[in-house]
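Novice: Sequence below, structure please.
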Amino acid sequence: MGASEPTAPGPEAGVVLLDKPEGISSHAAVSAARRRHGGVKAGHAGTLDPFATGLLIVLLRREATREQARFVELEKTYLARAHLGARSSTGDPTGEIIETGRMPAEPLELPTGRIEQIPPAYSAIKVGGRRAYKRARAGETVSMPPRLVDVHRFELRGRETDPPGDQAEFEIECSSGTYVRSLISGLGDAYCLALRRTRIGPFDVAEADSDHVIPIAEALERVSAHASPAARVRRR
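Specialist: Numbers count the residues shown, from 1 in each chain. Reported below is the predicted structural model:
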């Protein structure tokens with residue numbers, strides 16, 4: 001017989017909001033949350049790279065994981081710190097860094113609206129049945145198909161020119177599936193030095209609590225209210 005979920009005591013089906021720390025994978029963060037809540041079936045609604053921090057939605061029990069698509073499609077908000085005058089082979093601090101000293105053109109602006117974006121070769125997208133980043137790290141040339149994404153808003157939050165180098169911080173609101181690393185690389189000689197996800201739809205990282213389970217019915221009500229025409233008008 002196949003394994004089944006533990007019976008009570010255990011958490012009800014729902015959502016846990018995690019503030020993922022730097023240096024661990026989303027899979028590891030979900031596994032830790034799963035153990036914390038009795039080993040029930042768990043999934044997540046949008047991965048974060050190991051170097052990135054911030055909001056990760058964990059779905060507990062089948063009643064929640066079967067609603068995964070509704071959470072995945074929510075827009076995301078990020079704080080991205082760009083290192084200017086340098087390039088990274090991965091678009092982030094884990095790659096081979098080349099300091100060029102060439103500054104991106106001013107003013108520092110990111111595209112908004114619907115754009116065609118080529119995902120980075122060092123991504124988790126499967127190409128020919130294997131993760132793109134595994135092919136890239138094996139020295140293979142990875143050809144990534146473009147995708148359409150939406151950048152709803154960007155704001156230049158700050159600029160620093162003191163050592164260790166020129167840096168700029170952006171707040172970015174975008175659709176699911178957008179690669180912020182690629183947006184930052186599109187500035188020119190720049191890469192994403194730090195990335196923090198602060199919001200997913202109606203859920204904010206300030207709410208993160210690894211012990212608290214938001215019942216799935218309540219979480220879905222928040223998603224529905226956030227997606228309503230009236231709510232969309234208020235956010236403009």
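
Novice: Would you mind giving the secondary structure of the residue nearest the centre of the chain?
Specialist: In the chain, the residue lying closest to the centroid (C-alpha atoms, centre = their mean) is residue 48, at 4.4 Å. Under DSSP: H, G, I helix; E, B strand; the rest coil, residue 48 falls in the coil class.

Novice: Who are the contact partners of it?
Specialist: 20, 26, 54, 56, 195, 197 (C-beta atoms under 8 Å, 6 or more residues apart in numbering). Backbone N, C-alpha and C define where each C-beta goes, glycine included.

Novice: Ok, residue 172 next?
Specialist: By C-beta under 8 Å, 6+ apart, the contact set of residue 172 is 77-80, 110, 151, 153-154, 180, 183.

Novice: try it again with 7 Å
Specialist: 78, 80, 110, 151, 154, 180, 183 (C-beta atoms under 7 Å, 6 or more residues apart in numbering).

Novice: okay but the fifth one is in contact with residue 111, surely?
Specialist: It refers to residue 154. No - assessed by C-beta atoms under 7 Å, residue 154 is found out of contact with residue 111, at 8.4 Å.

Novice: So if we follow the domain assignment, how does the protein break up?
Specialist: Listed by automatic domain parsing, the domain ranges of the chain are 14-73+202-235, 76-198.

Novice: Quick one: the ones you listed as JSON lines, columns for mean pLDDT too.
Specialist: Below are those laid out as JSON lines (pLDDT from 0 to 100):
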{"stretch": "domain 14-73+202-235", "mean pLDDT": "92"}
{"stretch": "domain 76-198", "mean pLDDT": "87"}
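
Novice: re the thing from before, of the contacts of residue 48 - the most surrounded one?
Specialist: The residue in these with the most neighbours, by other C-beta atoms under 10 Å, is residue 20 (28 neighbours).
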